[in-house]
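Engineer: Dropping a prediction and its sequence here:
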Amino acid sequence: MKTIHHVFEIAAPPEKVFAALTSTEGLSGWWTTQVQAEAAVGAVVDFTFGGDFNPDMRITELEPPALLCWECVGGHEPWAENSFRFEVDRKDGGTLLRFWQNYARELSDDAYGTYNFNWGYYLESLRLFAETGVGKPFQAPGEDGNSARGGDNGTVAELVSIAKATAKSGQASELERELLAAVAPTRAQPGNLEFSLHRSVGDPAIIVALERWESRADWQRHLQGPHVKSLMAAFAEILLGPPDIQLFTPVPEHDAGEGNNQ
């Protein structure tokens, strides 16, 4: 039986890479935007792409932050009973990632070639996501901003992104210049509700960008824009490390009220 194998380095610590492989937020940032994940042995991670490709992966081994293994238990017949292995090793302050997919049945050479090509694309998306917070995930069908929902009434949840960037020594003014240049094009993006910059009181080399979006899909589309790609290229030269990006959704006020009535 054939095996797909990839080995590559990521300029991010193993803990960050492992989170990208095991959390809903992480997996939706580099593979597909529709994921339901629980990081526990025996749990099934549900990936939604569309058509006949919606693999369900059961976690068979989990050793944070060094090892993750899946078995495909449904959602895509050619992958039935296939095993997947991610080994996450620390190397030179970053990560060396090894990936295997072992097939349980023979497929055509063209099928293997297609799967291998696609894994190359999405593993590069994983690398980008771990290093910069911006991956290239598949936009799942129907993902028009209505996939992230605030409650049972089906309302769309707003998304808040808080990104902390720390400049190298002597690069604080250059960081400010690059971020200020991104203000106008970001505010002009469909779905943007707010984009503001805030400097640390204790360390002028740290700037935080606060963004509010009507939906996660709007934020994801924004990340593919030319001004963001230009900013990320500049960050490679002026930042101490990848920006630290945290995502949030609002806490509905009625939930707090209901809690007080119990």
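Structural biologist: That came through fine.

Engineer: tell me the mean pLDDT for the helix or strand harbouring residue 165?
Structural biologist: Residue 165 belongs to strand 159-166 when assigned by DSSP states H and E. Averaged over strand 159-166, pLDDT sits at 91.

Engineer: can you check stretch 232-244 too?
Structural biologist: Here the average pLDDT along stretch 232-244 is 85.

Engineer: Show me what the helix or strand hosting residue 7 is packed up against.
Structural biologist: Using DSSP H and E, residue 7 falls within strand 3-10. Secondary-structure packing of strand 3-10 (3 or more CB pairs under 8 Å, 6 or more residues apart in numbering; DSSP states H and E): strand 94-102, helix 109-132. For every residue, glycine as well, the C-beta is placed using N, CA and C.

Engineer: Out of those, flag the one nearest residue 208.
Structural biologist: helix 109-132 (16.0 Å; CB to CB).

Engineer: how distant is that closest one from the center of its chain?
Structural biologist: How far helix 109-132 lies from its chain's middle: 14 Å, per CA atoms, centre = their mean, to the nearest Å.

Engineer: And for stretch 44-55?
Structural biologist: Worked out by CA atoms, centre = their mean, stretch 44-55 lies 17 Å from the chain centre.

Engineer: Can you mark which positions in it are buried?
Structural biologist: 44-49, 53-55 (16 or more other CB atoms under 10 Å).

Engineer: ok, these vs residue 18, which is closest?
Structural biologist: residue 45 (14.0 Å).

Engineer: other SSEs contacting the strand or helix carrying the closest one?
Structural biologist: Using DSSP H and E, the element containing residue 45 is strand 44-48. Applying 3+ CB pairs under 8 Å, 6+ apart, one finds that strand 44-48 makes contact with strand 34-36, strand 56-63.

Engineer: remind me which residues of the stretch 51-200 of the chain are low pLDDT?
Structural biologist: Within the stretch 51-200 of the chain, the segments meeting pLDDT under 70 span 142-156.

Engineer: Repeat the analysis, applying 90 as the threshold.
Structural biologist: 51-52, 93, 132-159 (pLDDT under 90).

Engineer: what's the closest non-adjacent residue to residue 115?
Structural biologist: residue 4 (6.4 Å; CB to CB, 6 or more residues apart in numbering).

Engineer: Understood, closing this out.
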